[in-house]
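Trainee: coordinates only, sequence not included:
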DNA sequence: CCACTGACTGCAGTCTATGTAGTGATTCAC
DNA sequence: GTGAATCACTACATAGACTGCAGTCAGTGG
């Protein structure tokens, strides 16, 4: 379920960063796993940060050294996906049309979600909790917004003539909005990983059609 | 579902629900005004609920009898009027194409939101704070998000052959995502109300193009 | 071997938010 | 009118998220 020792950060280059760093990542992973398990058991609201820390055998204070807020422990891998999309945009081939870049970037994110979050059930848990816990929902949206801003800026820089700032924002907003909405609907319908991925791709294709 | 919403804005004198109700609305208004003034003075983060309550000459406990959370005091009158969009969908004329219904519904929300926010003196502050305070940002979009499911369902019912559940979700998600993202970008750029509205319309048109 | 960094700890404190038990002013039933 | 019910509001207490500070100690690098 939770792959051990898997490199969930960027390219596994930074893996050899000494014992100290490895310990830190082990603590972080322990916190995440403890949190997920407790959330599944007792529900988000009935789990305190102190409990999570206790289950991970660290001080409560340490939790906040790793995560800005209680909610963030569930969004731990979100940053990686944004980086993937940014990279995909940066790697634009000469004369590659906008629609292709957009699809490639989005497909990267979908693929990563399918790889890491969907099989582990993390995506399902997150969707279920996000639907029922307002604080989490808010935080999730906030994350999406900052990510969207980054992506929009990158896209605007990649196509300075074609896309003004507003259009770039709208395009990214449409893409993220469509993909997450369809994913959420599929998840709530009880679809399996493959079906969820297909729903996301379908949404992506829909938005891609608006850029010709 | 809807609070008694005759007039949620300008001084609606005719609300003669007895002395008790009038007193309640007076303290509510006092809380809002105190909050706005303090937020302008010291910034959102540096104002505590206790201070707001104190300035309004009520107990801190009373604040939470009127508002679910600190953020809500600024969004008190900024309800998302989903009804208008739902109504616009329900009023679909025979043979009216999907894209037109979509645009009509979205335009309703844009126009109404903006019209009712403009005359209020708080609109500017709310926009500025919504663009800069993450917690508010999230709370505001959260309201739109809750509307998405309703809208998607309505759209699916209006076009049962044309739109399956996933596509309807994707479409609504794309629309809301695009409009929100472009509005936020415009706001953060310092645009005035009219420019923000134009940005929203531009985003709407972009998404509308994906349905032919 | 030793200075230094940095992950982690414990504690005290702030602030949001809620539960509980009241009080007093309105409102209603008779 | 008068007693009872209602309800906004209060004071008090508490949970729990999060922070600042002053450390400890293991890991790192010279």
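Mentor: Yep, that arrived. The model shown is predicted, which means the values in this text are computed figures rather than measured ones.

Trainee: C-alpha only now, for contacts and for neighbours.
Mentor: Will do.

Trainee: near DNA strand D, which residues of chain A show up?
Mentor: A:17-21, A:45-50, A:61, A:64, A:68-71 (Cα under 7 Å from any atom of the strand).

Trainee: do that again at 6 Å, thanks
Mentor: A:18, A:19, A:20, A:47, A:48, A:49, A:50, A:61, A:64, A:68, A:69, A:70 (Cα under 6 Å from any atom of the strand).

Trainee: same for the helix or strand harbouring residue A:146, what does it pack against?
Mentor: For residue A:146, the host element (DSSP states H and E) is helix A:134-158. Using 3 or more Cα pairs under 8 Å, 6 or more residues apart in numbering or on different chains; DSSP states H and E as the contact test, the elements touching helix A:134-158 are helix A:78-90, helix A:122-132, helix A:165-188, helix B:134-158, helix B:165-188.

Trainee: confidence-wise, which of the ones you listed is weakest overall?
Mentor: Per-stretch mean pLDDT for these is lowest at helix A:122-132 (a mean of 84).

Trainee: can you tell if that helix touches chain B?
Mentor: No. Judged by Cα under 8 Å from any Cα of the partner chain, helix A:122-132 stays clear of chain B, getting no closer than 9.2 Å.

Trainee: now that helix: buried residues?
Mentor: A:122, A:123, A:124, A:125, A:126, A:127, A:129, A:130 (16 or more other Cα atoms under 10 Å in any protein chain shown).

Trainee: go on, stretch A:68-88?
Mentor: A:70-75, A:77-78, A:81-86, A:88.

Trainee: go on, stretch A:25-35?
Mentor: Applying 16+ other Cα under 10 Å to stretch A:25-35 flags A:27, A:28, A:29, A:30, A:31, A:32, A:33, A:34, A:35 as buried.

Trainee: which residues of chain A lie near DNA strand C?
Mentor: Residues of chain A lying near DNA strand C (Cα under 6 Å from any atom of the strand): A:20, A:21, A:23, A:24, A:27, A:58, A:59, A:61, A:62.

Trainee: if we can go back for a sec, a markdown table for the buried residues of stretch A:25-35, including distance to residue B:97, pLDDT and secondary structure?
Mentor: Rendered in a markdown table, the data for these read as follows (distance: Cα to Cα, whole Å; pLDDT from 0 to 100; DSSP: H, G, I helix; E, B strand; the rest coil):
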| residue | distance to residue B:97 | pLDDT | secondary structure |
| --- | --- | --- | --- |
| A:27 | 56 | 97 | helix |
| A:28 | 52 | 96 | helix |
| A:29 | 51 | 95 | helix |
| A:30 | 53 | 97 | helix |
| A:31 | 51 | 97 | helix |
| A:32 | 48 | 95 | helix |
| A:33 | 49 | 94 | helix |
| A:34 | 51 | 96 | helix |
| A:35 | 48 | 96 | helix |
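
Trainee: mind giving me TSV with the residues you listed and columns for distance to residue A:107?
Mentor: Below are the buried residues of stretch A:25-35 laid out as TSV (distance: Cα to Cα, whole Å):
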residue	distance to residue A:107
A:27	31
A:28	28
A:29	27
A:30	30
A:31	30
A:32	26
A:33	27
A:34	31
A:35	29
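
Trainee: how close does the nearest residue to residue A:66 once chain neighbours are set aside sit to residue B:186?
Mentor: Excluding the flanking residues, the one nearest residue A:66 by Cα to Cα, 6 or more residues apart in numbering or on different chains is residue A:28, at 6.6 Å. Residue A:28 is 37 Å from residue B:186, where distance means Cα to Cα, to the nearest Å.

Trainee: now the residue nearest to residue A:66: how far from residue B:210?
Mentor: 42 Å.

Trainee: then residue A:98?
Mentor: For residue A:98 relative to residue B:210 (Cα to Cα), the value is 15 Å.

Trainee: pretty sure residue A:193 is touching residue A:118, no?
Mentor: Yes. Counting by Cα atoms under 8 Å, residue A:118 is a contact partner of residue A:193 at 5.6 Å.

Trainee: near chain B, which residues of chain A are found?
Mentor: A:137-139, A:141-142, A:145, A:148-149, A:165-167, A:169-182, A:185-186, A:199, A:202-203, A:206-211.

Trainee: just among the residues of chain A next to DNA strand C, which is most surrounded?
Mentor: residue A:27 (19 neighbours; other Cα atoms under 10 Å in any protein chain shown).

Trainee: that residue against residue A:56, yeah?
Mentor: Yes. Under the criterion of Cα under 8 Å, residue A:27 makes contact with residue A:56 at 7.4 Å.

Trainee: just give me the residue closest to the centre of chain A.
Mentor: The residue lying closest to the centre of chain A (Cα atoms, centre = their mean) is residue A:78, at 2.7 Å.

Trainee: pull out the buried residues from the helix holding residue A:146.
Mentor: Applying 16+ other Cα under 10 Å to helix A:134-158 flags A:135-145, A:147-158 as buried.

Trainee: go on, stretch A:34-49?
Mentor: A:34, A:35, A:36, A:38, A:39, A:44, A:47, A:49.

Trainee: okay, and which of those map to helices?
Mentor: Assigned to helices by DSSP state H, the following of these qualify: A:34, A:35, A:36, A:38, A:39, A:49.

Trainee: tabulate those (TSV), appending distance to residue A:92.
Mentor: Shown next, in TSV, are these (distance: Cα to Cα, whole Å):
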residue	distance to residue A:92
A:34	40
A:35	39
A:36	37
A:38	42
A:39	41
A:49	43
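
Trainee: pull the most distant pair out of these.
Mentor: Greatest spacing in these, by Cα to Cα: A:36 and A:49 (12.0 Å).

Trainee: before we move on, back to that, ok, the buried residues of stretch A:68-88 vs DNA strand D, which is closest?
Mentor: Nearest to DNA strand D, judged by Cα to the nearest atom of the strand, of the buried residues of stretch A:68-88 is residue A:70 at 3.5 Å.

Trainee: ok, now which ones touch that closest one?
Mentor: For residue A:70, the contact set (Cα atoms under 8 Å, 6 or more residues apart in numbering or on different chains) comprises residue A:49.

Trainee: how close does residue A:172 sit to residue A:84?
Mentor: 15 Å.

Trainee: what separates the nearest residue to residue A:105 once chain neighbours are set aside from DNA strand C, distance-wise?
Mentor: Closest residue to residue A:105 apart from its sequence neighbours, by Cα to Cα, 6+ apart: residue A:85 at 4.5 Å. Note on residue A:85: its distance to DNA strand C, by Cα to the nearest atom of the strand, to the nearest Å, is 27 Å.

Trainee: contacting residues around residue A:85?
Mentor: Contacts of residue A:85 by Cα under 8 Å, 6+ apart are A:105, A:106, A:108, A:109, A:151.

Trainee: can I get these in CSV including secondary structure?
Mentor: Output for the contacts of residue A:85, formatted as CSV (DSSP: H, G, I helix; E, B strand; the rest coil):
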residue, secondary structure
A:105, helix
A:106, helix
A:108, helix
A:109, helix
A:151, helix
